[in-house]
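**Student:** Mind looking at a prediction? Sequence and model below.
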Amino acid sequence: MSALDALQRDGEDVVLYSADAVVHLEYDPKNLPSVQQVAEKQGGGNWTRFVCISDTHSKAFDVPHGDVLLHSGDLTQVGREGEMKRTMEWIYSLPHKVKVVIAGNHDLPLHRGWYDDNWKGWSGKKQDFEQIYEMLVGKRAKESGVIYLENQTAKFRVAPERREWSVYGSPWQPKFFNWAFNYKREDAEDLISKYESTDLLLTHGPPHQILDQTRRDEMVGCEALAAHITCGRLRPRIHAFGHIHEAHGAHIHSWESTGACEPLQVQNDINYPIELSSDVSEDEVLEVEQIRALSERCRQQVTERNTNPALRRTVFVNAANEPSGRTTRNPDGSRMTQFGGPKFRPVVVDLKD
């Protein structure tokens with residue numbers, strides 16, 4: 001099987017290939033190939049390994065080594081100091097040279113102003129913003145390579161002689177009950193238009209119709225964010241997000257031009273095909289057939305474009321690590337609940353510099 005095959009399944013491994021990006025979605029952590037092995041298989045050159053996680057909610061689990069850790073928010077359950085301390089002690093301990101972190105809707109105290117008005121509905125004690133913020137930007141954070149972003153751009157190198165990477169991070173998502181960092185959909189354009197074009201984009205919420213499908217089959221991602229990506233104003237090499245746990249997955253998309261392109265639609269059935277039982281309703285069968293047709297169309301685009309080294313590509317990653325939805329079930333029907341385990345692993349993305 002060619003190294004440029006769009007989707008390879010070795011047993012339970014799921015690996016996505018393109019000319020300058022390789023995504024390890026399902027893998028045996030003990031046998032994950034190194035970035036050096038990937039580079040050699042892909043023809044050489046300098047490659048950088050990014051490890052994407054999200055929605056960790058104060059849980060700690062094994063994370064593959066890499067050059068850069070990308071955390072797309074929901075560091076905690078509700079932002080208590082003890083929760084943030086557990087999360088950040090774990091992140092400090094990880095070996096990645098650079099660790100880019102944003103907040104999510106669960107990290108309540110980090111949404112200043114809103115938290116001052118709403119904390120009583122979430123906690124019997126108001127949390128100390130300064131103490132929590134210090135864990136993200138203070139001395140220990142800096143010494144361990146943490147870069148905390150809130151509607152900001154940062155630049156970094158993994159080694160002095162290597163290329164410079166730019167990253168923009170934002171914790172916002174369309175209104176989701178009364179949690180932190182929410183915006184009304186009609187106000188999205190004003191916010192998203194301020195996002196800067198960078199190599200890497202971290203948002204807590206997904207773009208519309210891209211790994212954003214809920215258990216109720218609603219596609220809840222941001223329309224304005226998707227529009228800015230498909231029109232070409234934002235065209236990151238990695239767009240990492242989370243928020244919708246059950247939509248965990250990844251997709252490499254090769255753009256047909258540097259300008260406006262056809263809107264993208266992809267859900268995680270492209271990674272985890274739906275298996276129907278004999279007792280499902282006709283409506284569910286029809287719904288699954290529609291999802292399968294959409295997934296097949298995405299696969300055809302992958303096959304046709306991803307081997308072309310001249311095209312610009314975006315790796316979309318819903319990196320949520322808290323199990324939720326139909327993919328929490330093992331083939332024998334038992335429930336899989338392990339954070340960061342099968343079908344909810346950290347997503348490893350290798351990019352050619």
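**Tutor:** Here it is on my side, so go on.

**Student:** which stretches of the protein have low pLDDT?
**Tutor:** Residue ranges of the chain with pLDDT under 70: 1-11, 330-335, 337.

**Student:** Check which residues of the strand or helix carrying residue 188 are buried.
**Tutor:** Applying DSSP states H and E as the criterion places residue 188 in helix 188-192. Residues 188, 192 are the ones in helix 188-192 that count as buried (16 or more other C-beta atoms under 10 Å). Glycine gets a C-beta too; all of them are placed from N, C-alpha and C.

**Student:** same for it, what does it pack against?
**Tutor:** For helix 188-192, the packing partners by 3 or more C-beta pairs under 8 Å, 6 or more residues apart in numbering; DSSP states H and E come out as helix 223-230.

**Student:** what's the helix it packs on in contact with?
**Tutor:** Helix 223-230 is contacted by residues 185, 188-189, 191-193, 195, 203, 205-210, 234-236, 239, 260-264, 314 when judged by C-beta atoms under 8 Å, 6 or more residues apart in numbering.

**Student:** From those, keep the buried residues only.
**Tutor:** Taking 16+ other C-beta under 10 Å as the criterion, what is buried in the contacts of helix 223-230 is 188, 192, 195, 203, 205-210, 234-236, 239, 261, 264, 314.

**Student:** Among those residues, name the ones in strands.
**Tutor:** Here DSSP state E is the test, and these give 203, 239, 314 as lying in strands.

**Student:** Pick the one among those closest to residue 215.
**Tutor:** residue 203 (21.1 Å; C-beta to C-beta).

**Student:** What's opposite that closest one in the beta bridge?
**Tutor:** Taking DSSP bridges as the rule, residue 203 bridges to residue 170.

**Student:** Please verify my assumption that it contacts residue 167.
**Tutor:** No: under the criterion of C-beta atoms under 8 Å, residue 203 makes no contact with residue 167, lying 11.4 Å away.

**Student:** just the strands in the stretch 201-350 of the chain please.
**Tutor:** Taking DSSP state E, counting those that start in this stretch as the criterion, the stretch 201-350 of the chain carries its strands at 238-241, 249-254, 313-318, 347-352.

**Student:** Need these in TSV (columns: distance to residue 109).
**Tutor:** Listed next are these as TSV, based on distance: least, C-beta to C-beta, whole Å:
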stretch	distance to residue 109
strand 238-241	22
strand 249-254	30
strand 313-318	25
strand 347-352	28
